[in-house]
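**Q** below are the sequence and a predicted model; questions follow.
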Amino acid sequence: MLQTIACIAVPQMAPFEFGVICEVFGIDRSEQGGPSFDFHVVAAEPGPISTKLGFDVVVHEGLAAAETADLVAVPASLIDEPAHPEVLRVIREAVDRGAWVLSVCSGAFTLGRAGVLDGRRATTHWMYTDQLAEMFPDTEVDPDVLFVQDGRVVTGAGTAAGIDAALHIVRTELGASAANIIARRMVVPPQRDGGQSQFIQTPVVEARSDSLSLVTDWMLEHLDEDLTVDRLARKALMSPRTFARKFRAETGTTPNAWLNRQRLLRAQQLLEETDFTLEEIARETGFGAAAVMRHHFVKTLQTTPTQYRRVFGPRQAG
């Protein structure tokens, strides 16, 4: 169970990436039905910790909480900044005991120095992927994704992709509802397609034009219907070709892929919160049949609807 979180403050850390970890895990959202974590900011040498922007963050705790935490998180810092030996020890021990370890942006270099990326896939900010691969040749660096999970080690790409990586861990441990509550409160945009089996699909639709925003809102309200490109194009008062091109330009994906993600999200919520049968959920979400829904679950989430409900369904919540 994901309960105790330790964010390791390191010298010359990036305030935004540090803030991402604090925002996702450090705020009590129990009043909204979300999670509340036992969150700690720790440091190898408590006291003022410098940031890249010239101000300090005062940390009161040493590394004790990190030694037993369910998740140890490392924010971005200067890639040539030496890591404290005790920080590297805590990271290695976290991996050895099976805890989650998360890095955001260039925090992957700290994980690399700890040796926990050897033999693993990882990512970091696209500006630093070549350097990460050069410094840690035993790591398979993927420059094209938002985050990589390899075992229980999660490396996030640049800056805001740390939100995706952090929410992925929440989603994996606590389910889609918990992650979506956090995402809604943070008002994050839809997750970009990074080629991973990413669980978090937020309900906020990012569209730069009013016409497309109206159509995507309408699509969310009619997921159970047959939403062809021709029908959607008529709704948007465009030709099918223009609509498909504009939709990809504004959302980064095709109408069909976007629909499948939203249908998966809705199916996950129904599996978590209701006792509907699989056939009822498939009809409600627009998949039509349980077999089709199962295909999309396995393809995208690497699990079946039945297995998903067994882990995150209402009986487990009670």
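**A** Yes, it's here.
**Q** just the strands in this protein please.
**A** 4-8, 38-42, 47-50, 56-59, 71-74, 100-103, 121-122, 140-141, 147-150, 153-156 (DSSP state E).
**Q** now those in CSV, with mean neighbour count, distance to Leu264 and mean pLDDT?
**A** Glycine gets a C-beta too; all of them are placed from N, C-alpha and C. Formatted as CSV, the strands of the chain follow (neighbours: other CB atoms under 10 Å; distance: least, CB to CB, whole Å; pLDDT from 0 to 100):
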stretch, mean neighbour count, distance to Leu264, mean pLDDT
strand 4-8, 26, 27, 98
strand 38-42, 20, 30, 98
strand 47-50, 15, 40, 98
strand 56-59, 14, 38, 98
strand 71-74, 29, 25, 98
strand 100-103, 26, 23, 98
strand 121-122, 22, 24, 96
strand 140-141, 20, 28, 96
strand 147-150, 22, 18, 94
strand 153-156, 28, 21, 97
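**Q** mind putting these into TSV with distance to Asp80?
**A** Shown next, in TSV, are these (distance: least, CB to CB, whole Å):
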stretch	distance to Asp80
strand 4-8	18
strand 38-42	23
strand 47-50	15
strand 56-59	20
strand 71-74	16
strand 100-103	16
strand 121-122	18
strand 140-141	17
strand 147-150	23
strand 153-156	18
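**Q** run a quick neighbour tally on Leu271.
**A** By the other CB atoms under 10 Å criterion, the neighbourhood of Leu271 contains 26 residues.
**Q** tell me how far it lies from Met293.
**A** 10 Å (CB to CB, to the nearest Å).
**Q** list the residues that contact both of these two?
**A** Shared contacts of Leu271 and Met293 (CB atoms under 8 Å, 6 or more residues apart in numbering): Ile281, Pro305.
**Q** with respect to Thr110, which of the strands of the chain lies nearest?
**A** The closest of these to Thr110 is strand 71-74. By CB to CB, the value is 5.0 Å.
**Q** helices or strands up against that closest one?
**A** strand 4-8, helix 15-25, helix 85-96, strand 100-103, helix 107-114 (3 or more CB pairs under 8 Å, 6 or more residues apart in numbering; DSSP states H and E).
**Q** make CSV out of those and add distance to Glu225.
**A** Shown next, in CSV, are the helices and strands packed on strand 71-74 (distance: least, CB to CB, whole Å):
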stretch, distance to Glu225
strand 4-8, 41
helix 15-25, 35
helix 85-96, 47
strand 100-103, 39
helix 107-114, 43
